[in-house]
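> fold the following for me, if possible:
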Amino acid sequence: MKIDEYRILLKRAEGFYKTALFQLDNALFDLAAFSLEQYLQLFLKAVLLKNGVDFPRIHGVRSLIRLFIDLKKNQSGKLNSLLDKYEVELSLLEDAYITSRYIPKEFTENELRRIMKAIEEIVDEIKRIDP
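Residues are numbered from 1 along each chain as shown. Model (predicted):
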């Protein structure tokens, strides 16, 4: 494992999470959505790197989660269910990555709260599977 890259990705991910909390508290919902997407994307890439996957050049969080599920087939039943349960929220999150650059789209506080709940459950389950 490339431990330095893993640590850097986790540190960046946590920075994006803290930024998202600040943005959410200040009603900057569009920016918070982007920061949450970056948090989850970098967290997932760090976990995959930790598990021996070469740095994935994928940006979609659902694809990254599926890669992790494929790695941990025997332990990922609940994570698979969470992926199905939060399909809409994760799709919105992926939209945030694209729309932040090219398309004017506004996010609501309610959407952000739902996205945060999805992310927290998914990250908690990944950490349970791969401490």
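> spatially central residue for this protein, please.
By CA atoms, centre = their mean, the chain has its centre lying nearest to residue 40, at 1.8 Å.
> hang on, isn't that one packed against residue 93?
Yes - in this structure residue 40 lies within contact range of residue 93 using CB atoms under 8 Å: 6.8 Å. Just so you know, the C-beta spots here come from the backbone N, C-alpha and C atoms, and that holds for glycine as well.
> joint contacts of those two?
61, 119 (CB atoms under 8 Å, 6 or more residues apart in numbering).
> where in the protein is pLDDT low?
In the predicted model, the chain carries pLDDT under 70 at residues 1.
> can you show me the helices along it?
With DSSP state H as the criterion, the chain has helices at 3-25, 29-50, 61-71, 77-85, 87-99, 109-129.
> for those helices, which one ends up most surrounded?
Among the helices of the chain, helix 29-50 has the highest mean neighbour count (mean count of other CB atoms under 10 Å), at a mean of 23.
> from the chain's centroid, how far away is that one?
Using CA atoms, centre = their mean, to the nearest Å, the distance from the centre of helix 29-50 to the centre of the chain it belongs to is 4 Å.
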